[in-house]
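>>> Got a predicted model here, sequence first, then my questions.
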Amino acid sequence: MSLQAATKYCKKCDTEKNPSDFYNNASNKDGRSRYCADCTRLRVKQSQAKRREELGDERYLATRRGDVARFRQTEAGKRQVKLDRMIRTEANRRLRELHRDDYEHLLKIARREAQAELNEVSA
């Protein structure tokens, strides 16, 4: 039987807090992080802001998109992509039913523009 400490000390903010205020960390003896969740979130935000400043907005966002691309390659990501596609498909179907004339008109415009671009490229 393991006894849980009534409080835990956060080294960062120098306060005693409830152990549930700390993230889990199996590598520590008590199974909790050294720093409270508030301090951890603050540290992560500061780290992200510093990285964004160093890389610049565009490059920082590109690395974040890379994280998204890697996630989409996992099984959970593939399921999420499939679900998103199903939702968009259903939403588009309902929108087409409600606004049939507008949809057809926009589709004709898009086809004309695509054909014009194709003609420009081939000319």
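Looks like it arrived, so ask away. Residues are numbered from 1 along each chain as shown.

>>> can you list the domain ranges for the chain.
1-73, 74-122 (automatic domain parsing).

>>> Can you tell me which of those domains is most buried?
Of the domains of the chain, the one with the most neighbours on average (mean count of other CB atoms under 10 Å) is domain 1-73, at a mean of 12. C-beta coordinates here come from the backbone N, C-alpha and C atoms, glycine included.

>>> ok now that one, how far from the chain's centre?
The chain centre lies 16 Å from the centre of domain 1-73; the measure is CA atoms, centre = their mean, to the nearest Å.

>>> how close does residue 86 sit to residue 92?
Using CB to CB, to the nearest Å, one obtains 11 Å as the distance from residue 86 to residue 92.

>>> right, and the helix or strand after the helix or strand hosting residue 43?
Using DSSP states H and E, residue 43 sits within helix 37-55. Counting by DSSP H and E, the next helix or strand C-terminal to helix 37-55 is helix 57-72.

>>> and the next element down the chain from that following helix?
Using DSSP H and E, the helix or strand that follows helix 57-72 in sequence is helix 75-98.

>>> quick one on the thing from earlier: show me what the helix holding residue 43 packs onto, helices and strands only.
strand 22-24, helix 57-72 (3 or more CB pairs under 8 Å, 6 or more residues apart in numbering; DSSP states H and E).

>>> quick one: which of the domains of the chain has the weakest pLDDT on average?
Here the lowest mean pLDDT among these goes to domain 74-122, at a mean of 81.
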